[in-house]
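**Q** sequence first, predicted coordinates after that:
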Amino acid sequence: MVLILCLSALGPGADRSGGDGQLGFLFRNASRPGAFQQRRLDVLQPQNDLASALVRQDLTELSSLNAVALLVIQMVSQGDPETGDHLRRVSQDGRLIGEGLAQDLQRSGTFVGHLTLFAALHDVGKVAVPDHIVEGWRSRRRRTPRH
């Protein structure tokens, strides 16, 4: 006998009649008939609520991290268009690399999305460097022949 519990994006006691907000499923196995009577289900419900809360927390943290990353990239791009262009190119390279790695490593599209987004953050420390130092470096780089 198998019991399938839905992990909900909604908190405990919320109205689930709309059917929205499913995060996944939690499977419970039992070898004896009648193992999932109401009394047992009442005992399992807090565990299901806890599992749902942990998944919700992980998704919230990941969503917040993505939002912060996008904000930082946007701020850097507005303050320094040349760096913004560089971040976009690196992000595109990250996507191409991610797509190749995803097949080899059997990773999902989420992996590619994260690599694409977070590759652009490699220069985030540059935000703290004063503009005159960055401009001096760029000026020297333009005058130095490349081999």
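**A** Cool, got the structure.
**Q** from here on, just use CA atoms for contacts and neighbour counts.
**A** Fine.
**Q** contacts only, for the closest residue to Gly94 other than its chain neighbours.
**A** Excluding the flanking residues, the one nearest Gly94 by C-alpha to C-alpha, 6 or more residues apart in numbering is Thr116, at 4.8 Å. The contact partners of Thr116, taken as C-alpha atoms under 8 Å, 6 or more residues apart in numbering, are Ser91, Gln92, Asp93, Gly94, Arg95, Gly98.
**Q** got a pLDDT number for Thr116?
**A** Model confidence at Thr116, given as pLDDT, is 88.
**Q** change the start of the numbering to 16 and stick with it
**A** Okay, residue one is now 16; in that scheme the one you just asked about reads as Thr131.
**Q** next one: stretch 59-68 to chain centre, how far?
**A** Chain-centre distance of stretch 59-68: 23 Å, with C-alpha atoms, centre = their mean, to the nearest Å.
**Q** what residues of that stretch count as buried?
**A** Neighbour-count burial for stretch 59-68, counted by 16 or more other C-alpha atoms under 10 Å, picks out Asn63, Asp64, Ala66, Ser67, Ala68.
**Q** give me phi/psi at the last one?
**A** The one in question is Ala68. Main-chain torsions, Ala68, degrees, to the nearest 10: phi -60, psi -40.
**Q** roughly how far does it sit from Asp57?
**A** The spacing between Ala68 and Asp57, counted by C-alpha to C-alpha, to the nearest Å, is 17 Å.
**Q** with the first one instead?
**A** Relative to Asp57, Asn63 is positioned 10 Å away (criterion: C-alpha to C-alpha).
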